[in-house]
Every structure is written in C-alpha cells, then in structure tokens.
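Enquirer: Here is my input, please return the structure:
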Amino acid sequence: MSSFKSLDDIGDVRGKRVLVREDLNVPMDGTRVTDDMRLRAAAPTIAELADKGAIVLVLAHFGRPKGERKPDMSLAQVTGALEGVLGRDVRFIGDCCGEQAEAAVAQLKAGDIAVLENTRFHKGEEKNDPELARAIARLGDLYVNDAFSAAHRAHVSTEGLAHILPAFAGRSMQAELEALEKALGKPEHPVAAVVGGAKVSSKLDVLRHLVSKVDHLIIGGGMANTFLAARGVDVGKSLCEHDLKDTALAILDAADKADCTVHLPYDVVVAKEFRANPPVRTVNVHEVAADEMILDVGPAAVEALGDALKNCRTLVWNGPLGAFEIPPFDAATVALAKTAAALTKSGSLVSVAGGGDTVAALNHAGVADDFTFVSTAGGAFLEWMEGRELPGVKALEA
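Expert: Numbering: from 1, shown residues only. A predicted model of the protein is given here:
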C-alpha cells in the first residue's frame with residue numbers, strides 16, 4: 001500500500017475550513033438512530049479538527065435519493081444524534097454547495113462543526129462530476145476522507161475533491177488502512193481467512209484472490225455446501241449453487257497449487273426445517289438425508305478450525321459459518337469467534353473482520369471489542385478482499 005497523508009501531516013488548521021467526508025448512513029427507526037457505530041467512528045476526526053480550531057464541514061450521503069431532494073433522506077435527522085455522540089454543538093446547513101451554503105459557512109467560527117446536506121441530493125455526486133466537485137470545493141480549504149466504507153465508490157465527495165484540495169486521511173480511514181495492511185498487505189504468516197455467507201457467487205472474486213494470499217482458507221455458511229457438492233457430497237435440501245460446481249473445483253485446484261489449505265466442514269448440524277430451535281442432528285457430511293438441510297458447521301470441525309487458528313499469526317474474517325441469526329445455528333460462528341478473540345487477547349493473533357453480517361455475528365458472540373480491528377465497511381471491505389484498488393483510497397496516496 002502506498003503512503004498517504006494523515007491528520008498528523010495537516011499542519012495548522014486554525015480558522016481553516018476542512019471538508020470531512022464521513023459515513024453517516026446509519027440505520028434509523030423513524031427519527032431515531034438504531035445503531036450509532038458509524039457516528040462513533042466519525043467522532044475522533046471531527047473532534048480533533050474542531051479542537052485544533054478548524055471549521056469542520058461534514059460531508060456525507062444518506063440512502064439513495066438518486067439526485068433528488070427527499071426530506072426522509074435529509075441529514076438534518078442525523079445531526080442531533082451526531083451532536084449526542086460528540087457532546088458538542090453541531091449545526092446543519094441545508095445544502096453542500098451553492099450560494100446559500102457559502103453564506104452559511106461564512107458565519108461559522110474556528111472550532112465550529114456543521115453537517116452539510118446529503119451529497120446525493122445532487123445528480124453529479126455519483127457521476128463524479130467535476131463541476132459539482134469544484135462547487136463543493138469552494139466551501140473548503142482542505143479535504144479529509146474519513147469514510148473507508150464509501151472508498152470503493154468514485155464519487156465527488158469520496159474521490160473528486162481529493163484532486164482539487166490538499167487531501168488527508170481521517171483517523172477512522174487511517175485505522176482501517178493500517179489494519180488492512182497488517183491483515184493482507186504485509187501480514188505475518190501463517191494467515192487464515194474465514195469466508196462465510198450464503199452464496200459462492202457473491203464472493204467468487206474474494207475466494208480467487210485469497211487462495212494466493214493465505215495459508216488457510218476456512219469456508220463456511222451456505223457457500224460451503226457448494227464446495228461439498230462439488231466434491232461429490234450429497235447435501236440434501238441445503239442451500240447450494242449446483243451450477244457453480246466447476247468454479248468451486250477450479251478454486252480448490254488453485255488453492256492446491258498455491259499451497260493453501262482449504263477447510264470444509266466434515267461434521268454438520270442439519271434440520272428438516274429452517275426455523276428457531278427445530279429438531280436437529282449433528283452428522284458426518286456424508287450422512288445428510290435427502291430431506292435435510294445443512295445449517296451450521298459441526299462441533300468437531302469447529303474444534304479443528306480452532307486448532308488451526310492457534311498456529312496462525314493473522315486472521316481475516318468475512319461472513320458467518322452458519323445461519324447465525326437463528327439458534328442453535330449460531331453455535332459454530334460464536335465458538336470460533338470466541339477462540340479467535342482469546343488468541344487475539346493473548347497476543348498471538350492479529351484479527352481483522354469486516355462486513356455487516358460479520359459485525360453482527362461478532363457482536364452476537366460478544367467478542368467484537370476483542371478483535372484487533374472490526375471494519376464498519378461492507379462493500380469496500382469485500383472489494384479490498386478481492387484485491388481491487390479502491391478509488392477513495394487511491395486518491396489519497398501521497
């Protein structure tokens with residue numbers, strides 16, 4: 001990864017207008033924010049700049065308004081929650097460019113914080129329109145990108161502004177990039193990757209990229225069924241992409257050539273119906289009945305996976321091992337997550353996890369705080385795991 005400038009390089013910002021791209025796209029129930037994780041991730045950068053006397057102008061998107069002004073997607077409704085997290089006043093400005101916004105910004109003093117209206121209310125935002133970029137840039141003297149979760153998009157607020165104003169990474173962005181560098185950029189080997197979730201098709205590029213990067217590839221979730229079926233296992237009624245058997249075999253072959261050990265479950269938890277606490281059996285993968293579906297990895301396989309992690313120095317995790325939202329099919333994910341957390345706490349493992357389901361699963365297991373780093377990003381984390389260049393990161397390179 002190339003070097004990038006952080007807030008340590010920004011110099012004296014007293015009285016300077018700093019456009020800070022944050023991710024304020026938080027889940028809401030009516031007017032109430034139901035999960036403030038992204039607001040908490042944004043707080044350190046905003047507070048640090050305000051404390052140094054900058055005029056902090058927060059840029060963000062909310063929802064998908066497709067270039068139209070939609071009151072239910074206004075960032076005005078998030079401003080109060082951000083104020084609560086920061087413990088200081090935050091103003092709201094009803095646009096992110098134009099005369100009214102310029103006039104409102106001109107009233108602000110050193111140390112003031114304001115949230116600008118949803119950048120996606122402008123059609124040019126998602127097209128990375130240079131004219132809109134210039135219009136927004138007029139409001140600021142410096143640009144800070146602190147939204148790794150939006151870094152896979154080349155939009156005005158994530159990429160375009162970095163070419164007009166002096167550009168820096170915020171603290172959250174910096175933490176993400178440093179953690180990712182430790183996990184896959186220049187990791188300490190042996191490296192393990194846990195890749196779970198429902199479908200192989202959504203993570204094909206991830207799997208193809210990882211086999212050349214990691215020493216152990218642990219495949220779980222519905223995806224594992226496709227690999228088991230490719231190897232001739234009858235998976236009964238399990239979720240399985242039978243049309244991807246050849247692709248799965250090609251990935252296994254590539255792993256073999258790269259000296260990467262692929263771990264598929266050899267015992268599984270099965271049920272005849274997908275609901276909470278149905279009658280279940282734990283069986284060898286070759287004993288799944290025609291009317292049963294695999295819904296979790298079995299305890300013997302989980303124990304073996306835990307033993308594999310004990311010999312690893314680095315872990316990247318994306319996706320649950322089973323249908324973790326419904327008990328008892330959360331058992332494998334929780335058990336392996338607890339093992340990874342314990343190894344991290346003991347200092348023998350660097351553990352980096354990301355993706356919405358993964359964060360939910362680690363929170364459910366009660367271990368999210370014990371991992372080395374948990375990314376708030378979904379799509380950006382996945383694209384990074386695919387080995388893709390992220391436009392928002394590339395634009396920050398010094």
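Enquirer: can you pull out the helices in the stretch 51-200 of the chain?
Expert: Taking DSSP state H, counting those that start in this stretch, the helices of the stretch 51-200 of the chain run over residues 76-86, 99-106, 124-127, 130-137, 171-180.
Enquirer: Surely residue 215 and residue 262 touch.
Expert: No - in this structure, residue 215 is not within contact of residue 262 by C-beta atoms under 8 Å, at 10.8 Å. In short, each C-beta sits where N, CA and C put it, glycine included.
Enquirer: Poorly predicted segments of this protein, please.
Expert: Within the chain, the segments meeting pLDDT under 70 span 1-2, 398.
Enquirer: care to break it down by domain?
Expert: 7-173, 187-385 (automatic domain parsing).
Enquirer: Residue 392: which of these is closest?
Expert: Closest approach to residue 392 among the domains of the chain is made by domain 7-173 (3.2 Å; C-beta to C-beta).
Enquirer: Make a markdown table out of the domains of the chain and add distance to residue 396 and mean neighbour count.
Expert: Supplementary listing: these in a markdown table, determined by distance: least, C-beta to C-beta, whole Å; neighbours: other C-beta atoms under 10 Å:
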| stretch | distance to residue 396 | mean neighbour count |
| --- | --- | --- |
| domain 7-173 | 5 | 20 |
| domain 187-385 | 13 | 19 |
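Enquirer: Can you say which of the ones you listed is nearest to residue 179?
Expert: Ranking the domains of the chain by proximity to residue 179 (C-beta to C-beta) places domain 187-385 first, at 3.6 Å.
Enquirer: how long is the closest one from one end to the other?
Expert: With C-alpha to C-alpha, to the nearest Å applied, domain 187-385 spans 13 Å between its terminal residues.
Enquirer: try stretch 92-102
Expert: Length of stretch 92-102, first residue to last, C-alpha to C-alpha: 13 Å.
Enquirer: Now tell me what touches it from outside.
Expert: 57, 59, 75-76, 79, 104-105, 114-119, 121-122, 132, 135-136, 138-139, 157 (C-beta atoms under 8 Å, 6 or more residues apart in numbering).
Enquirer: and the gap between residue 26 and residue 136?
Expert: The gap separating residue 26 from residue 136 is 22 Å, by C-beta to C-beta, to the nearest Å.
Enquirer: any chance of the helices of the stretch 51-200 of the chain in TSV, with distance to residue 388 too?
Expert: Compiled in TSV, those are given as follows (distance: least, C-beta to C-beta, whole Å):
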stretch	distance to residue 388
helix 76-86	29
helix 99-106	33
helix 124-127	18
helix 130-137	23
helix 171-180	12
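Enquirer: and residue 286, what is it in contact with?
Expert: 233-234.
Enquirer: Report whether it is found in a strand, as I expect.
Expert: No - counting by DSSP: H, G, I helix; E, B strand; the rest coil, residue 286 is not found in a strand; it is helix.
Enquirer: any idea how far it is from residue 244?
Expert: 21 Å.
Enquirer: do the same with residue 152
Expert: Residue 152 is 24 Å from residue 244, by C-beta to C-beta.
Enquirer: And for residue 280?
Expert: Using C-beta to C-beta, residue 280 is found at 27 Å from residue 244.
Enquirer: Likewise for residue 176?
Expert: Distance check for residue 176 against residue 244: by C-beta to C-beta, it reads 31 Å.
Enquirer: Using the three-state scheme, assign residue 250.
Expert: Put simply, residue 250 is helix when judged by three-state DSSP.
Enquirer: contacting residues for it?
Expert: So residue 250 contacts nothing (C-beta under 8 Å, 6+ apart).
Enquirer: who are the neighbours in contact with residue 207?
Expert: By C-beta under 8 Å, 6+ apart, the contact list for residue 207 reads 195, 200, 217, 219, 251.
Enquirer: Tell me the spacing between it and residue 223.
Expert: Distance, residue 207 to residue 223, using C-beta to C-beta: 8 Å.
Enquirer: Then residue 155?
Expert: Noted for residue 155: a distance of 31 Å to residue 223, by C-beta to C-beta.
Enquirer: what phi and what psi does the backbone show at the nearest residue to residue 72 once chain neighbours are set aside?
Expert: Closest residue to residue 72 apart from its sequence neighbours, by C-beta to C-beta, 6 or more residues apart in numbering: residue 63 at 7.8 Å. Per-residue torsions, residue 63: phi 70, psi -160 (degrees, to the nearest 10).
Enquirer: what's the overlap in contacts for residue 207 and residue 223?
Expert: By C-beta under 8 Å, 6+ apart, residue 207 and residue 223 have these common neighbours: 195, 200.
Enquirer: Wait, a strand at residue 342?
Expert: No - applying three-state DSSP, one finds residue 342 to be helix, outside a strand.
Enquirer: With adjacent residues omitted, what lies nearest to it?
Expert: What sits nearest to residue 342 in space, not counting adjacent residues and going by C-beta to C-beta, 6+ apart, is residue 370, at 7.7 Å.
Enquirer: Kindly report the same for residue 85.
Expert: The shortest distance from residue 85 to any non-neighbouring residue, by C-beta to C-beta, 6+ apart, is to residue 39 (4.5 Å).
Enquirer: What is the burial count for residue 393?
Expert: By the criterion of other C-beta atoms under 10 Å, residue 393 has 25 neighbours.
Enquirer: Would you mind listing the buried residues in the host helix or strand of it?
Expert: Assigned by DSSP states H and E, residue 393 belongs to helix 391-394. Across helix 391-394, burial judged by 16 or more other C-beta atoms under 10 Å covers 391-393.
Enquirer: For residue 317, state which of the residues you listed is nearest.
Expert: Once C-beta to C-beta is applied, the member of the buried residues of helix 391-394 that ends up nearest residue 317 is residue 393, at 20.7 Å.
Enquirer: so that closest one makes contact with residue 3?
Expert: No - using C-beta under 8 Å, residue 393 makes no contact with residue 3, being 11.6 Å away.
Enquirer: OK, contacts around residue 332?
Expert: Per C-beta under 8 Å, 6+ apart, neighbours of residue 332: 220, 269, 296-299, 301-302, 321-322.
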